[in-house]
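Student: Below are the sequence and a predicted model for it; my questions follow.
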Amino acid sequence: MPAGRLRTRVTFQAETRTPDDGGGHSVTWGNDLQVWADFRPERGFERLAAGHVSSPLAGTLRVRYSDAVAAVTAAWRVLIAGSLWNIRSVADEDQRRRFLMMTIESGGST
């Protein structure tokens, strides 16, 4: 893939849980990793959950492989142009450690 396609700056965020004094924990998201990516929104769909209909968007994100990016999992989220997206899957698209393909869905938790 030509580098010119990697024109969207994205920020991967990992969840951090910190114990609180009440026996629970507080959750924060860190801006852990910024990279250039090829972002392709693909489709919208409707979902019925708890009696409510929602219409999340889905898409794909392709990023250049690195050891830092290889640490990203579906437990992380990604910030793209001010919008949060949940990461649903991460795959080495050709098994040659050149690019990682991620399936993402809008509506990341805050």
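Tutor: Received the coordinates, thanks. The shown structure was predicted, so the numbers you read here are calculated from the model rather than taken from an experiment.
Student: ok, which stretches of this protein are helices?
Tutor: Along the chain, counting by DSSP state H, helices occupy 67-70.
Student: Tell me where it is predicted with low confidence.
Tutor: 1-3, 43-55, 108-110 (pLDDT under 70).
Student: Thought residue 77 was touching residue 84, still the case?
Tutor: Yes. The pair residue 84 / residue 77 is scored as a contact, 5.7 Å apart, by C-beta atoms under 8 Å. Where you see a C-beta, it was placed from the backbone N, CA and C, and this is true even at glycine.
Student: Between these two, point out the one with more neighbours.
Tutor: residue 77 (21 against 17; other C-beta atoms under 10 Å).
Student: got the contact list for that one?
Tutor: Each residue near residue 77 by C-beta atoms under 8 Å, 6 or more residues apart in numbering is listed here: 12, 13, 15, 29, 84, 85, 86, 87, 108, 109.
Student: Quick check: the first one vs residue 71, distance?
Tutor: Residue 12 sits 9 Å away from residue 71 when distances are taken as C-beta to C-beta, to the nearest Å.
Student: One more: the second one?
Tutor: In this view, residue 13 and residue 71 are 13 Å apart by C-beta to C-beta.
Student: Show me which of these two is the more surrounded one.
Tutor: Just comparing residue 13 and residue 71: by other C-beta under 10 Å the higher neighbour count belongs to residue 13, 20 against 13.
Student: And for that one, nearest residue in space, chain neighbours not counted?
Tutor: Among residues not flanking residue 13 along the chain, residue 29 sits closest, at 4.3 Å (C-beta to C-beta, 6 or more residues apart in numbering).
Student: Please name the residues that touch that neighbour.
Tutor: 13, 14, 15, 16, 77.
Student: Among those residues, which one lies nearest to residue 62?
Tutor: residue 77 (17.1 Å; C-beta to C-beta).
Student: Can you give the distance of stretch 80-99 from its chain's centre?
Tutor: 7 Å (C-alpha atoms, centre = their mean, to the nearest Å).
Student: Name the residues of that stretch that are buried.
Tutor: 80, 84, 85, 86, 87, 90, 99 (16 or more other C-beta atoms under 10 Å).
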